[in-house]
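J.: From the sequence below, what's the structure:
(4 chains)
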Protein chains: 2
Amino acid sequence: MQVDERKQRILEALILDYIATGDPVGSRTIARKYKLGVSSATIRNEMADLEELGFIEQPHTSAGRIPSEQGYRYYVDCLMELKPLADSMKRYVQDVLVDRVRETEALIQLTSKLLSQLTNYTAIIMAPNYGKNILRHVQLLSLENNRIVLVIVLDNGHVEHRTLDFPTQFEEKDLQTLSYILNRHLRGLSLEQWKAGIFQEIYNELDYQKRFLNQVIELLENVMSVEHESKVYLGGTLNILNQPEFRNVEKVKELFELLEEERVLKEVLSTGPSVGLTVRIGSENPYEGMKNCSLITAAYEVDGNPIGTLGVLGPTRMEYSKSVSMVEFFTTVLADALKKVK
Amino acid sequence: MQVDERKQRILEALILDYIATGDPVGSRTIARKYKLGVSSATIRNEMADLEELGFIEQPHTSAGRIPSEQGYRYYVDCLMELKPLADSMKRYVQDVLVDRVRETEALIQLTSKLLSQLTNYTAIIMAPNYGKNILRHVQLLSLENNRIVLVIVLDNGHVEHRTLDFPTQFEEKDLQTLSYILNRHLRGLSLEQWKAGIFQEIYNELDYQKRFLNQVIELLENVMSVEHESKVYLGGTLNILNQPEFRNVEKVKELFELLEEERVLKEVLSTGPSVGLTVRIGSENPYEGMKNCSLITAAYEVDGNPIGTLGVLGPTRMEYSKSVSMVEFFTTVLADALKKVK
DNA sequence: TTTAGCACTCAAGAGAGGAGAGTGCTAACA
DNA sequence: TGTTAGCACTCTCCTCTCTTGAGTGCTAAA
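T.: Reported below is the predicted structural model:
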């Protein structure tokens, strides 16, 4: 059976109506609301065909039809027109994000907040990962009780710190010397550029407290490698509760449990292709708890390199057209904003 | 009317049964389950009295009774016996928290997780605030694009950083000198100890770039004062969804919206007395969205000074006896753990 | 090929009736 | 005087039935 143009228009009308109302759509509704120039009986016949093709389904005999996942897929791939976004909104977002925020973390948080507010869904953003973490500065400081704090600053402005205990008391001066030597050898290098040779040189310069030095270096390597996987930020989680498909607390719980796990979010964001935009509908998502959800993700780039992903999570009955436009728009804005921050 | 001992025992039985089952409790149930040595008719008479006194109420004529807020209050104040906690559980918690965790933030997070798991309610913990933030170290570092990162380490091991732009390019060396001078003057002092005189001295030492210095100092003051108010950590938020009183998504949303606001959490935790344990039942809570909840909070201390608060949020139909024991226990464990960390 | 007409289906809502839990009251009992 | 058994009464909840309305598929005519 062919999917001719009339079938397409009926399918589109049905999907748009269902997205707008949430109720199964009948042939009469389509005939009345969307002037297709044919009677409801004709639409009925076409709908029977569309059902046979697997694009729509009936919750029960005497209800209207609702789109199947396959129907949404066809709509997204072939029928959907991107919704143009209001210039005023665009300007507002650009204004807020590009010029006002200076710190990466605050920027991402604000972005996720805006994205969720403007879509009314949940925003997920993976923080930018510039590939190599280049060491900018190491500093060892002693605190009370033999505790020592190791502060590490990366080239992109990221700051990490770790505390370590060490049985022996250290002289402030020793720590300063150590910091100095570590900086001299390691500054400007990424983890990959550290070679065994470097440490040999460091060892040679200060052969006291080798055990301590080892511990510090281990921690350093740790931080430098961990930073490789970026944090994920969520915005507007509670928007999910506005969706009628999540009136049921069990479902909410199932989904929220997934969203609480950073591992899941990362997986969900990183399974798409690293360029372009992905729409994952219902059970195309890897997790059972997301089978009623659709996820739109896209990578954002700086200098042509994809450095992170952002997306929007909503019910399968989602405003795809608006959401896709929004996600696309936000990738460009975030990229711009990051360029300024960097 | 007197609240004699029999009334007390009936009230207690009713509350315990209602907490356990969630269903309104009838006179027959009490007579059957709790051997009070009197018939259901007698209990019925007593219950009529208890209702008149305002301790219990009827959802409708032919249902059993449920405790009123006043009833819970009387129970908590006069009847409740603290539930003894299993030694094995105590040992486990002590083991996990006191020796294994080194960083304050990780410690608080783990504590909130454990507290929520062991109570099945939501844990709220205000991070310790030792009163004065004493500066341990300041470091200025230049990044790309005229950006400068200011790293601040406090005496308690807390590390903060801020990024700032400044139109002029800085020499690495200048920043080092500046860091050095700042450290020499400010290290070991708390914000309160900074006096105008100090800055005069600093200005005298480097009269170049006074504007930049001002900006740095402003940022420093900012961080030092902000640290005064502690962060709040939540654990087990989703436990709320297990409660039958939160089957309704609207209610869930209302509560979650409150919990998302740090301001609210802080207020809720800090309105109690700074020592001892507080139980706030239902509408005794300051927020409308918490009128179905009870909150048990207690301050935890180090060296005799209350430095933070922790608590448990559950439905008014809460296992008060177990939860109070648990909150009390956790204040001591957290205090112990913090002593080790500090 | 399209459309009007019609019989049919099914969910959802309204209403009726019964079961069950619980109450308050009364009168008898210790 | 306090306690208890008995009983009528109340109200929710569940089930069953009936009705309504939206929507369908099929058929025959245009």
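J.: Every contact and neighbour count from this point should use C-alpha atoms.
T.: Will do.
J.: for chain A, which helix is longest?
T.: Of all the segments of type helix in chain A, defined by DSSP state H, the longest one is helix A:320-341.
J.: List the buried residues of that helix.
T.: For helix A:320-341, a neighbour-count test (16 or more other CA atoms under 10 Å in any protein chain shown) marks A:320-324, A:326-338, A:341 as buried.
J.: Equivalent analysis for stretch A:204-221, please.
T.: Of the residues in stretch A:204-221, those with enough neighbours to count as buried (16+ other CA under 10 Å) are A:213, A:216, A:219, A:220.
J.: How about residues contacting the longest helix of chain A?
T.: With CA atoms under 8 Å, 6 or more residues apart in numbering or on different chains as the contact definition, helix A:320-341 has outside contacts at A:76, A:80-85, A:93-94, A:97-99, A:101-104, A:107, A:111, A:115, A:119, A:277, A:296-302, A:310-312.
J.: swap in stretch A:27-42?
T.: Outside of stretch A:27-42, the residues that reach it under the criterion CA under 8 Å, 6+ apart are A:9, A:10, A:13, A:14, A:43, A:44, A:47, A:64.
J.: Give me the buried positions along stretch A:14-34.
T.: Residues of stretch A:14-34 classed as buried by neighbour count (16+ other CA under 10 Å): A:14-19, A:22, A:24-27, A:30-31.
J.: can you list the domains in chain A?
T.: A:5-79, A:87-129+A:230-341, A:135-226 (automatic domain parsing).
J.: could I get the ones you listed as a markdown table with distance to residue B:127?
T.: Written out in a markdown table, the entries for the domains of chain A read as follows (distance: least, CA to CA, whole Å):
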| stretch | distance to residue B:127 |
| --- | --- |
| domain A:5-79 | 44 |
| domain A:87-129+A:230-341 | 21 |
| domain A:135-226 | 17 |
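J.: Look up how far residue A:27 lies from residue A:39.
T.: 9 Å (CA to CA, to the nearest Å).
J.: er, residue A:160 actually
T.: Relative to residue A:27, and taking CA to CA, residue A:160 is found at 60 Å.
J.: got it, and residue A:327?
T.: From residue A:327 to residue A:27 the distance is 33 Å (CA to CA).
J.: swap in residue A:143?
T.: The spacing between residue A:143 and residue A:27, counted by CA to CA, is 74 Å.
J.: Show me where the stretch 1-150 of chain A dips below the pLDDT cut-off.
T.: Under the criterion pLDDT under 70, the flagged ranges of the stretch 1-150 of chain A are A:1, A:131, A:145.
J.: Tell me where it has strands.
T.: Taking DSSP state E, counting those that start in this stretch as the criterion, the stretch 1-150 of chain A contains strands spanning A:56-57, A:66-67, A:122-126, A:135-142, A:147-154.
J.: Including distance to DNA strand D and mean neighbour count, could those strands go into JSON lines?
T.: Compiled in JSON lines, the strands of the stretch 1-150 of chain A are given as follows (distance: least, CA to the nearest atom of the strand, whole Å; neighbours: other CA atoms under 10 Å in any protein chain shown):
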{"stretch": "strand A:56-57", "distance to DNA strand D": "9", "mean neighbour count": "23"}
{"stretch": "strand A:66-67", "distance to DNA strand D": "9", "mean neighbour count": "26"}
{"stretch": "strand A:122-126", "distance to DNA strand D": "30", "mean neighbour count": "27"}
{"stretch": "strand A:135-142", "distance to DNA strand D": "63", "mean neighbour count": "22"}
{"stretch": "strand A:147-154", "distance to DNA strand D": "59", "mean neighbour count": "22"}
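J.: Ok, which of the ones you listed comes nearest residue B:306?
T.: Proximity to residue B:306, assessed across the strands of the stretch 1-150 of chain A by CA to CA, is greatest for strand A:147-154 (23.4 Å).
J.: partners of the closest one in the sheet?
T.: When pairs are called by DSSP bridges, strand A:147-154 turns out to pair with strand A:135-142 (antiparallel), strand A:159-165 (antiparallel).
J.: now those as TSV including distance to residue B:195?
T.: Compiled in TSV, the strands paired with strand A:147-154 are given as follows (distance: least, CA to CA, whole Å):
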stretch	distance to residue B:195
strand A:135-142	25
strand A:159-165	29
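J.: out of the ones you listed, nearest to residue A:178?
T.: When the strands paired with strand A:147-154 are ranked by proximity to residue A:178, the top entry is strand A:135-142, at 7.7 Å, counting by CA to CA.
J.: Pull the distance from the closest one to the chain's centre.
T.: Between the mean C-alpha location of strand A:135-142 and the chain-wide mean there is a distance of 31 Å, by CA atoms, centre = their mean, to the nearest Å.
J.: which residues sit against it?
T.: Surrounding strand A:135-142, the residues in contact under the criterion CA under 8 Å, 6+ apart are A:148-155, A:170, A:172, A:175-176, A:178-179, A:182-183, A:186-190, B:137, B:141.
J.: switch the cut-off to 6 Å
T.: Strand A:135-142 has contacts (CA atoms under 6 Å, 6 or more residues apart in numbering or on different chains) with A:148-155, A:175, A:179, A:187-189.
J.: swap in stretch A:155-169?
T.: Residues external to stretch A:155-169 that are found in contact with it (CA under 6 Å, 6+ apart): A:134, A:135, A:136, A:146, A:147, A:148, A:149, A:150, A:151, A:152, A:153.
J.: where do the helices sit along the stretch 101-250 of chain A?
T.: In chain order, the stretch 101-250 of chain A shows helices spanning A:104-119, A:172-186, A:196-205, A:210-226, A:249-260, with DSSP state H, counting those that start in this stretch as the criterion.
J.: which helices and strands does the second one pack with?
T.: Read it as helix A:172-186. Packed against helix A:172-186, as judged by 3 or more CA pairs under 6 Å, 6 or more residues apart in numbering or on different chains; DSSP states H and E, are the following elements: strand A:135-142.
J.: Next, the angle from the strand it packs on to helix A:210-226.
T.: Note on geometry: by axes from the mean of the first three to the mean of the last three CA atoms, to 10 degrees, strand A:135-142 and helix A:210-226 are set 140 degrees apart in direction.
J.: thinking again about what came up before, list only buried entries from the contacts of helix A:320-341.
T.: When burial is judged by neighbour count using 16+ other CA under 10 Å, the buried members of these are A:76, A:93-94, A:97-98, A:101-104, A:107, A:111, A:115, A:119, A:277, A:296-302, A:310-312.
J.: From what I see, residue A:234 and residue A:124 are in contact.
T.: Yes - contact criterion CA atoms under 6 Å: residue A:234 and residue A:124 qualify, at 4.7 Å.
J.: picking up where we left off before, for DNA strand C, find the nearest of the strands paired with strand A:147-154.
T.: With CA to the nearest atom of the strand as the criterion, DNA strand C lies closest to strand A:159-165 of these, at 54.0 Å.
J.: tell me how far the closest one is from the chain's mean position?
T.: In terms of CA atoms, centre = their mean, the gap separating the centre of strand A:159-165 from the centre of its chain is 28 Å.
J.: how big is the angle separating that strand from helix B:320-341?
T.: Computed with the same axes, to 10 degrees, the direction of strand A:159-165 lies at 90 degrees from that of helix B:320-341.
J.: got the CA positions of strand A:159-165 in CSV?
T.: Written as CSV, here are the backbone C-alpha positions of strand A:159-165 (Å, rounded to 0.1, in the frame of the first residue of the first chain):
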residue,chain,number,x,y,z
VAL,A,159,39.2,23.9,39.6
GLU,A,160,39.3,20.6,41.5
HIS,A,161,40.5,19.8,44.9
ARG,A,162,41.2,16.7,47.0
THR,A,163,42.0,16.3,50.6
LEU,A,164,44.5,13.7,51.8
ASP,A,165,45.8,12.5,55.1
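J.: average model confidence for it?
T.: Averaging pLDDT along strand A:159-165 yields 82.
J.: got the angle between that strand and helix B:104-119?
T.: Using the same axes, to 10 degrees: strand A:159-165 against helix B:104-119 is 80 degrees.
J.: before we move on, what SS does residue A:294 have?
T.: Here residue A:294 is strand, with the state taken from DSSP: H, G, I helix; E, B strand; the rest coil.
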